[in-house]
Structures are given as structure tokens and as C-alpha cells.
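Any chance you could fold what I've pasted below:
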Amino acid sequence: MLCEMCGAESALLNTRRISGSVLQVCSTCSDSGSETAQMASIGRRAHIAQTLQKRNQKMRYSETDP
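A predicted model of the protein is given here:
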């Protein structure tokens, strides 16, 4: 995979917030940014969809309990 900041090929990329943008960067470039929360790394809509899906799973299990 390619680093979105320097373009270097890297097997492992880190999600970092750099200058207000969330980027997938290599270990060398990851020092220039701050760590992001899970919601920022996957996007707001995807985070909400995951949360609702987990909630529905929990409700389904609670309905089957005697």
C-alpha cells in the first residue's frame, strides 16, 4: 500500500490526522500527525451504521433469552 503523504510503499499504514485531514501514512510520516479515533478513521456514516448494527444484534439476543 502507498503512503498518502510521501508515496512510499509500506505493508503497514497508520491512520493519522494531519492538517485537519485523515490520511493513511507510513511509520516515517506518522510522527507528523496525531492519532485519530475510530470514528474519524472509518467515517461518520460508517461509524453510525456499525453502531446501529451492533445495537440490533444485542436486541436480537435479548429477545431470545427466556
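
max-length helix in this protein?
helix 44-64 (DSSP state H).

Restricting to C-alpha, output stretch 9-16 in PDB.
Extracted in PDB, the C-alpha atoms of stretch 9-16 (Å, rounded to 0.1, in the frame of the first residue of the first chain):
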ATOM      1  CA  GLU A   9       5.400   1.600  -0.400                       C
ATOM      2  CA  SER A  10       4.600   0.200   3.100                       C
ATOM      3  CA  ALA A  11       3.000  -3.000   4.300                       C
ATOM      4  CA  LEU A  12       1.500  -1.300   7.400                       C
ATOM      5  CA  LEU A  13      -0.100   2.100   7.300                       C
ATOM      6  CA  ASN A  14      -1.300   4.200  10.300                       C
ATOM      7  CA  THR A  15      -4.400   6.400  10.300                       C
ATOM      8  CA  ARG A  16      -3.300   9.900  11.300                       C
END
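
In the chain, where is pLDDT below threshold?
Segments of the chain classed as low confidence (criterion: pLDDT under 70) are 39-41, 62-66.

Can you pull the domain assignment for it?
Domains of the chain are assigned by automatic domain parsing as 1-35, 38-66.

Determine which stretch of these is the most buried.
Of all the domains of the chain, domain 1-35 has the most neighbours on average by mean count of other C-beta atoms under 10 Å, namely a mean of 14. For the C-beta atoms, the positions are set from N, CA and C on the backbone; glycine is no exception.

ok now that domain, how far from the chain's centre?
Averaging C-alpha positions (C-alpha atoms, centre = their mean, to the nearest Å) puts domain 1-35 13 Å from its chain's average.

Over to stretch 49-64?
In terms of C-alpha atoms, centre = their mean, the centre of stretch 49-64 is found 21 Å from the chain centre.

Now do the contacts for the residue nearest to Q24 when sequence neighbours are not counted.
In space, Q24 comes closest to L13 once its chain neighbours are excluded; the distance is 4.3 Å by C-beta to C-beta, 6 or more residues apart in numbering. Contact analysis of L13 by C-beta atoms under 8 Å, 6 or more residues apart in numbering lists M1, C3, Q24, V25, C26.
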